[in-house]
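Q: My questions concern the predicted model and sequence given below.
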Amino acid sequence: MEAAAATGTTDQGEGGRTPWLSVDGYHGSLEELLTLARSRRIDLGKVPLLGLVDQLVAAVRDAPPATPMGLRGDWVVMASWLVQLRSLLLLPADAPAHQAAEDAADHFRNRLSELGEIQALAAWLDRRPHLGRDVFTRGQPPEEIDLFVEGGPEVDVIEFLWASMALFDDGDPGPDISETYRPRRRDLYSVPEARARILKRLAEAPDGLPLEQLLPEDSATAGSSAEPALKQRAAWTSTFIASLELAKQGEAALAQEDRFTAIHVRPAPVETPT
């Protein structure tokens, strides 16, 4: 038999979607053979059916992955037709079994009426992603990625370490260790200083003093520049906060006749036991 001559090949002519068969008595496509057999223009009795089946099995097995499953199903259906036509030739026309074969052929034709639905289902399955071709399980990347990874450049670890060490011996002056920028420290008034100053002046003035008279003595000489103005604001802020703390702690009392008027600070009254 000449099964090896047509393995995995298809006719590129008019029947270009069916396998190419080559046996004693016939050389052509499967579709053309079925057409000749139906029209009785070829004697199937002289065609080795076993060789045709072997070549068809090889064509289905070796077909490219892109071959639709519906097309492969058509090949199997055509082969079934050939087997049926060949079986009818083995029976005499007037034999009782011949009628049974005809009935079986009618039943087979009825089953083939569903071929359209089967082909549609096969085409739908073929359009779905195939495992190993379109989608891959976790840990099994496609072959192209494996080849790409395996074909990557090899790294000499020793040479890589020497090259890394050479970066530290290129004569550079080294990292910049100069002092980073720090804002200039300002000599401003603190709240503890203001608290001590208020207690000292209230001890000399039992009737109390306005808040502005409790400011530091040098704050009154601040000019109009930015630095003296900042010191003057710091003097007012520290003095006001210190007076609030003294009032909270019961060491001083604050009073204000009306809104936006001067705040008067006086010592806290001493409670006498009754």
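A: Nice, thanks for sending it over.
Q: Helices along the stretch 51-200 of the chain, start to end?
A: Using DSSP state H, counting those that start in this stretch, the helices of the stretch 51-200 of the chain run over 69-89, 96-112, 115-127, 143-150, 157-166, 191-204.
Q: Least confident of the ones you listed, on average?
A: Of all the helices of the stretch 51-200 of the chain, helix 143-150 carries the lowest average pLDDT, namely a mean of 49.
Q: Met78: how many residues sit nearby?
A: Using other Cβ atoms under 10 Å, Met78 has 20 neighbouring residues. Just so you know, the C-beta spots here come from the backbone N, C-alpha and C atoms, and that holds for glycine as well.
Q: That one and Glu31 touch, don't they?
A: Yes. Using Cβ atoms under 8 Å, Met78 is in contact with Glu31, at 6.6 Å.
Q: list the residues that contact both of the two?
A: Both Met78 and Glu31 are contacted by Thr18, under the criterion Cβ atoms under 8 Å, 6 or more residues apart in numbering.
Q: just to confirm, which helix or strand has Arg266 in it?
A: Per DSSP states H and E: Arg266 is located in strand 264-267.
Q: can you list contacts of that strand?
A: 198, 202-203, 206-211, 214, 243, 246, 251-256.
Q: Restricted to strands, list the residues you listed.
A: Taking DSSP state E as the definition of strands, the contacts of strand 264-267 contribute 209-210, 252-255.
Q: what pairs with the strand holding Arg266, and is each one parallel or antiparallel?
A: Looking at strand 264-267 with DSSP bridges, its partner strands are strand 209-210 (antiparallel), strand 252-255 (antiparallel).
Q: Over the longest one, what's the mean pLDDT, rounded is fine.
A: Spelled out, that is strand 252-255. Strand 252-255 comes out with an average pLDDT of 91.
Q: now swap in stretch 205-220 and tell me
A: Mean pLDDT, stretch 205-220: 84.
Q: got the CA coordinates for that stretch in CSV?
A: This file holds the C-alpha atoms of stretch 205-220, laid out as CSV (Å, rounded to 0.1, in the frame of the first residue of the first chain):
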residue,chain,number,x,y,z
ALA,A,205,3.0,96.0,91.3
PRO,A,206,0.3,94.5,93.5
ASP,A,207,-2.5,96.3,91.6
GLY,A,208,-1.4,94.7,88.3
LEU,A,209,-0.2,96.0,85.0
PRO,A,210,-1.5,96.2,81.4
LEU,A,211,-0.3,93.3,79.2
GLU,A,212,1.8,95.7,77.1
GLN,A,213,3.8,96.7,80.2
LEU,A,214,4.8,93.1,80.8
LEU,A,215,6.6,92.8,77.4
PRO,A,216,10.4,92.6,77.3
GLU,A,217,12.1,95.9,77.6
ASP,A,218,14.0,95.6,74.3
SER,A,219,10.8,94.7,72.3
ALA,A,220,9.7,98.4,72.5
